[in-house]
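Participant: sequence plus the predicted model coming up.
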Amino acid sequence: MKQSVKLIAGNWKMNGLGASLGEVETLCAALADDRPACRVALCPPATLIERMVRRAGQGVEIGGQDCRAETHGAFTGDISAQMLKDAGATLVILGHSERRQGYGETDGLVSAKAGAALAAGLAPIVCVGETLQQREAGRAVEVVRSQVMASLPLALAGRDFAVAYEPVWAIGTGLTPTLTQIEEVHRAVRAAMIERLGLGIAATPILYGGSVKPDNAAEILAVPEVGGALVGGASLKAGDFLGIIRGA
Ligand code: PGA
């Protein structure tokens, strides 16, 4: 991901049917009229990837929300990185807290998935973030640092990828850290990324995620070391998502 070009990625989670594709058309029409200075991506449920790729055209990259580390086999209900790529995806969210918490995904598993995504030609967006309890115990930086060190495979060096800092307590709650807290963690993430992968990742974007809305996007995106946003609820409606993209 190129230096200083911010990435605004939407995560639709388990939302969206064929009828929701109109939002993508509205988004793309608006972006065609008014080319944004940032990269824009949408990660819909896997059932919509192929249809969304067809409607989105050049201006919006389409991604998956998870993949399995194995390439194929007897894993009922799962999807491989290669299958996402085959459907037209160019990136994939990995290690979202809803998967770490709901499915017991460990840093080691997230790292294996990131390796599989790279091998399939997808750019991983690797998520990290502390719980409220960890923040209140003064452990936010330590927790996030250790997640970065253990979730990023060495194969990421020199490749297209992003890290997303998403405090678990800020996701879908309307709560956000202060701008100072965001800057502190992003600087710690950058330091850990350099320690793990070397100085070559100095331009790899670190996204902030957790209750990003049109009315707080510009100030969050202006924080040093914030290289974009991972947006849940506010990516479902083209108007809200455009408001965030315009803040970049
Ligand atoms: P939210 O979700 O924007 O709805 O808080 C962010 C995310 O989970 O990626």
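Facilitator: Received, thanks. Numbering: from 1, shown residues only.
Participant: distance between the ends of stretch 12-32?
Facilitator: End-to-end distance of stretch 12-32 (Cα to Cα, to the nearest Å): 22 Å.
Participant: please identify the buried residues of that stretch?
Facilitator: Under the neighbour-count criterion of 16 or more other Cβ atoms under 10 Å, stretch 12-32 has 12-13, 16, 20-21, 23-24, 27-28, 30-31 buried. All C-beta atoms are positioned from the backbone trio N, CA, C, and that covers glycine.
Participant: what's the model's confidence in that stretch, averaged?
Facilitator: Computed over stretch 12-32, the mean pLDDT rounds to 96.
Participant: that one near the ligand at all?
Facilitator: No: shown here: stretch 12-32 not in contact with the ligand (Cβ under 6 Å from any ligand atom), separated by at least 6.9 Å.
Participant: hang on, the earlier thing: make JSON lines from the buried residues of stretch 12-32 and add secondary structure to it.
Facilitator: As requested, the buried residues of stretch 12-32 are exported to JSON lines (DSSP: H, G, I helix; E, B strand; the rest coil):
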{"residue": "12", "secondary structure": "coil"}
{"residue": "13", "secondary structure": "coil"}
{"residue": "16", "secondary structure": "coil"}
{"residue": "20", "secondary structure": "helix"}
{"residue": "21", "secondary structure": "helix"}
{"residue": "23", "secondary structure": "helix"}
{"residue": "24", "secondary structure": "helix"}
{"residue": "27", "secondary structure": "helix"}
{"residue": "28", "secondary structure": "helix"}
{"residue": "30", "secondary structure": "helix"}
{"residue": "31", "secondary structure": "helix"}
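Participant: just checking, what packs against the helix or strand of the chain with the lowest mean pLDDT?
Facilitator: Least confident helix or strand of the chain, by mean pLDDT, DSSP states H and E, is helix 21-33 with a mean of 94. In terms of contacts (3 or more Cβ pairs under 8 Å, 6 or more residues apart in numbering; DSSP states H and E), helix 21-33 is packed against strand 39-43, helix 46-56, helix 238-245.
Participant: again, 6 Å this time
Facilitator: With contacts defined as 3 or more Cβ pairs under 6 Å, 6 or more residues apart in numbering; DSSP states H and E, helix 21-33 has these neighbours: helix 46-56, helix 238-245.
Participant: report the contact partners of the closest residue to the ligand within the chain.
Facilitator: In the chain, the residue found nearest to the ligand is residue 232; the distance is 2.3 Å by Cβ to the nearest ligand atom. By Cβ atoms under 6 Å, 6 or more residues apart in numbering, the contact list for residue 232 reads residue 11.
Participant: what helix or strand is the residue of the chain most remote from its centre on?
Facilitator: Computed with Cα atoms, centre = their mean, the maximum C-alpha offset from the centroid of the chain is found at residue 74, amounting to 27.8 Å. Here residue 74, judged by DSSP states H and E, is contained in no helix and no strand.
Participant: tell me what the residue lying closest to residue 228 once chain neighbours are set aside is bridged to.
Facilitator: With Cβ to Cβ, 6 or more residues apart in numbering as the criterion, residue 228 has its nearest non-adjacent residue at 3.7 Å, and that residue is residue 7. Counting by DSSP bridges, residue 7 forms beta bridges with residue 39, residue 228.
Participant: you'd agree residue 7 is up against residue 205?
Facilitator: Yes: between residue 7 and residue 205 there is a contact under Cβ atoms under 6 Å: 5.1 Å.
Participant: the nearest residue to residue 109 once chain neighbours are set aside: what's it in contact with?
Facilitator: In this structure, residue 109 finds its nearest non-sequential neighbour in residue 69, 6.8 Å apart by Cβ to Cβ, 6+ apart. Contact analysis of residue 69 by Cβ under 6 Å, 6+ apart lists 112-113, 116.
Participant: helices - which of the residues you listed land there?
Facilitator: The helices, defined by DSSP state H, take in 112-113, 116 from those.
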